[in-house]
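A.B. asks: With the input below, show me the fold.
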Amino acid sequence: MLRGRMMAGAAEDSRALFGVAVRAALEAWPALQIAVENGFGGVHSQEKAEWLGGAVEEYFFRNADLELDEVEDFLGELMTNEFDTVVEDGSLPQVSQQLQTMFHHFQRGDRAALKEMASLITQRKCKVRATALTTARETDEDDDANSVEEMEVTATNDGAATDGVCPQPGPDSQTIKEEEIVEDGWTIVRRKK
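C.D. replies: Residues are numbered from 1 along each chain as shown. This is a model prediction of the structure:
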């Protein structure tokens, strides 16, 4: 009886640890940071971001044998539906892979690996800064349907060691170009070339 309680307690601890790791990955995701900080999800963007962690965690528990493209599709749909954001900066597969790896650690009961992943992600978390630029696609600037709002986003990590995940600003810095296309109501996030 005592062994059963101990195993149940360890499973609950592992599940809680998986939840912490999921939230760390999502909080470190620049596309989500930008969406929350700029209110793309409306006035409740922060609450939606917090809810997103639980939704992703639950998605994994209900679908144990997920393929990477299924995780990407799920995250992409959540970003589109909750934040009116289409993520095209190449980060969606990376975040999906992190989440899938975390879930594999959870399934194997490898709490040490889960803790390590959450810790590394938290250490590597980048701070993003968005600068809005407004341009027009046509010479008629009164036509809002053709206007584009662009944001240049620079990711920095305040000097912490990152192994290239979040480089310091400079000529080779990681920047994300974001355009909000007013006519569709979509927000597109792309890596700047």
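
A.B. asks: from here on, contacts and neighbour counts on C-alpha atoms
C.D. replies: Noted.

A.B. asks: Show me the strands in this protein, by range?
C.D. replies: Applying DSSP state E to the chain gives strands spanning 85-88, 127-136, 147-156, 175-181, 186-191.

A.B. asks: Was I right to think residue 31 contacts residue 87?
C.D. replies: Yes: using CA atoms under 8 Å, residue 31 makes contact with residue 87 at a distance of 6.8 Å.

A.B. asks: Which one's more surrounded, these two?
C.D. replies: residue 31 (26 against 21; other CA atoms under 10 Å).

A.B. asks: For that one, report the pLDDT, please.
C.D. replies: As predicted, residue 31 sits at a pLDDT of 94.

A.B. asks: Look up how far residue 83 lies from it.
C.D. replies: When distance is defined by CA to CA, to the nearest Å, residue 31 is 10 Å away from residue 83.

A.B. asks: what ranges do the helices span in the protein?
C.D. replies: Assigned by DSSP state H, the chain shows helices spanning 2-27, 30-37, 45-62, 68-83, 91-108, 111-124.

A.B. asks: Buried deepest among these, which one?
C.D. replies: helix 30-37 (a mean of 21; mean count of other CA atoms under 10 Å).

A.B. asks: which other helices and strands contact it?
C.D. replies: Helix 30-37 is packed against helix 45-62, helix 68-83, strand 127-136, with contacts defined by 3 or more CA pairs under 8 Å, 6 or more residues apart in numbering; DSSP states H and E.

A.B. asks: Averaged pLDDT, stretch 52-66. What do you get?
C.D. replies: Averaging pLDDT along stretch 52-66 gives 94.

A.B. asks: let me fix that: stretch 83-93
C.D. replies: Rounded mean pLDDT across stretch 83-93 is 94.

A.B. asks: Would you mind measuring the gap between the ends of that stretch?
C.D. replies: Span of stretch 83-93 from end to end, CA to CA: 18 Å.

A.B. asks: Same question for stretch 20-39.
C.D. replies: Per CA to CA, the first residue of stretch 20-39 is 24 Å away from its last.
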